[in-house]
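Participant: sharing a sequence plus its predicted fold:
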Amino acid sequence: MSVSRWDPFTVLARLDDEFDELVRRAWGGGQSVTRSSGYVPAIEMTTDGTDVLIRFELPGVDAEHDLDIEVEDRRLTVSGQRRESDERREREGRVLVRELRYGSFRREFALPEGVTADEISAHYDAGMLEVRIRNVTKPVEAPRKVEITSAEEGRTITGAQPDKKVKS
């Protein structure tokens, strides 16, 4: 009979792995994703006038070599990879808890009709990628009254105010 020492961190790490796998299968369309991949960067999407800004949290990503932004068939695709450093892998001992995610990622966004790659720009700084899509939203026009003309002598008929009831 072999004796093994109970290690609560190993049990927690295994539970964490199993929970992650369950969540990935539920949200990933049934596709299993290994622990070393499936990195999904957090985003924040806002408007700035008529522009839409999408900010990605991408700490530790080499923007020059590991990021790609494409526009095809009215879809904006941001993909890339977050790599573990060779130095960290060499000095790392047994992993007790791993909450940092590494691997490749891909995020897709539908674009409105007429938006092309010419309206899209991107900037990466301090672990944040900002993608700006220009002239996406249209300003909401305030309600305006439209005059009605009559066939009788070119007379203009004034309609009721939108917020007042008309008596019959």
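Facilitator: That came through fine.
Participant: phi, psi for residue 118 please.
Facilitator: For residue 118, the backbone dihedrals (degrees, to the nearest 10) come out as phi -70, psi -30.
Participant: quick one: strands adjacent to whichever strand or helix holds residue 121?
Facilitator: Using DSSP states H and E, residue 121 falls within strand 120-125. Applying DSSP bridges, strand 120-125 is found paired with strand 128-133 (antiparallel).
Participant: does anything pack onto the helix or strand that the strand it pairs with is followed by? Which helices or strands?
Facilitator: Later in the chain than strand 128-133, the nearest helix or strand by DSSP H and E is strand 148-149. Counting contacts by 3 or more Cβ pairs under 8 Å, 6 or more residues apart in numbering; DSSP states H and E, strand 148-149 packs against strand 156-157. Quick note: C-beta positions are derived from backbone N, CA and C, even for glycine.
Participant: what mean pLDDT does the strand it packs on get?
Facilitator: Per-residue pLDDT values over strand 156-157 give a mean of 60.
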